[in-house]
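Q: okay, here's the prediction I keep looking at, along with the sequence it came from:
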Amino acid sequence: MSDGSEKIWWYAVGQEKFGPCTGGELARLARKGVVMPDTLVWREGMTEWVRASKLTKLWERATQPPAPHASEQLPPPPPAAPGRAVAAVPELEVAHRAQGPSSVPPGGHAHGWSAGGAAAASRSSRAGRRSSSDDGSAGFLWAIQQCFRKYFDFSGRARRAEYWYFMLFQFLLNMALLVLTFVSQSLADNLSLVLSLAFLIPNFAVSARRLHDVGRSGWWQLLYITIIGALVLLFWYVQPSEEGRNDYGEDPTW
């Protein structure tokens, strides 16, 4: 990491790359959950993109309380380099090698990437993402934030971690309500009703996105009306994400 004053950092989210930003801005994005451990980052002087988890100083900053005057915002993402699609950016995950300074992030022809080299990097990075798609990089709090942020969003895809962490969150709330019944039955009943109504829509929304992630329509949730149908849905909910883009969007396990 730099001293945080130079705008030399870029990061890739999904199919888009953002930057340049300072080291301090990157750390604040990590605190907010925008930059995750498996997010690809790059700075001037690096030849290729690397996982943010390799930047130990970034996570040291992310655990520090933000400065009270920190209000910088990142500029809009730059256009794709000539002759190279932006979608190729997340695929350039390779080991970091120090080189002379450069002002253009990998993804165009500035670093001499051939089609064969990009394809090899794509296969390598896809395998790495697949192995870590449902690990701690998609954490408990992140999943809850995602589901409430997409409260009415029935489009797109949701990986297993997002769905099952949200189910775990509701299970823990129900356990807390169960304990509360020993203190006040009426209060527990009232809270249970409120929570049931509050979670109704996001439950259907995240379930639809989970089905989209395995190539199924969200309307398959109608199978809940039958016992056998509920078992079929459970089977689909535990399946891994379809690799690459499907009819419902990009692979969320970037």
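A: Okay, I see it.

Q: where does pLDDT dip in the stretch 1-150 of the chain?
A: In the predicted model, the stretch 1-150 of the chain carries pLDDT under 70 at residues 1-5, 59-138.

Q: tell me which element residue 58 is part of?
A: helix 56-62 (DSSP states H and E).

Q: and for residue 20?
A: Here residue 20 is assigned to strand 16-21, by DSSP H and E.

Q: buried residues, that strand. List them.
A: Buried residues in strand 16-21, counted by 16 or more other C-beta atoms under 10 Å: 17, 18, 19, 20, 21. Heads up, the C-betas are built off the backbone N, CA and C, glycines and all.

Q: the last one and residue 6 touch, don't they?
A: No: shown here, residue 21 and residue 6 do not form a contact pair, counting by C-beta atoms under 8 Å, at 9.7 Å.

Q: quick check: longest helix of this protein.
A: helix 185-213 (DSSP state H).

Q: this structure: helices as residue ranges?
A: 23-32, 56-62, 115-132, 140-149, 160-180, 185-213, 227-237.

Q: hang on, isn't residue 143 packed against residue 167?
A: No: using C-beta under 8 Å, residue 143 is not in contact with residue 167, being 9.3 Å away.

Q: deepest of the helices of the chain, which one?
A: Ranked by mean neighbour count, the helices of the chain are led by helix 23-32 with a mean of 21 (mean count of other C-beta atoms under 10 Å).

Q: which strands or helices does that helix pack on?
A: Other elements packing on helix 23-32 under the criterion 3 or more C-beta pairs under 8 Å, 6 or more residues apart in numbering; DSSP states H and E are strand 9-13, helix 56-62.

Q: quick revisit: now the buried residues of strand 16-21 in JSON lines, with distance to residue 174?
A: Converted to JSON lines, the buried residues of strand 16-21 look like this (distance: C-beta to C-beta, whole Å):
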{"residue": "17", "distance to residue 174": "41"}
{"residue": "18", "distance to residue 174": "39"}
{"residue": "19", "distance to residue 174": "43"}
{"residue": "20", "distance to residue 174": "46"}
{"residue": "21", "distance to residue 174": "41"}
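
Q: out of the residues you listed, flag the one nearest to residue 154.
A: residue 18 (26.5 Å; C-beta to C-beta).

Q: so that closest one bridges to which residues?
A: Counting by DSSP bridges, residue 18 forms beta bridges with residue 11.

Q: show the pLDDT at residue 175.
A: Here the pLDDT value assigned to residue 175 is 94.
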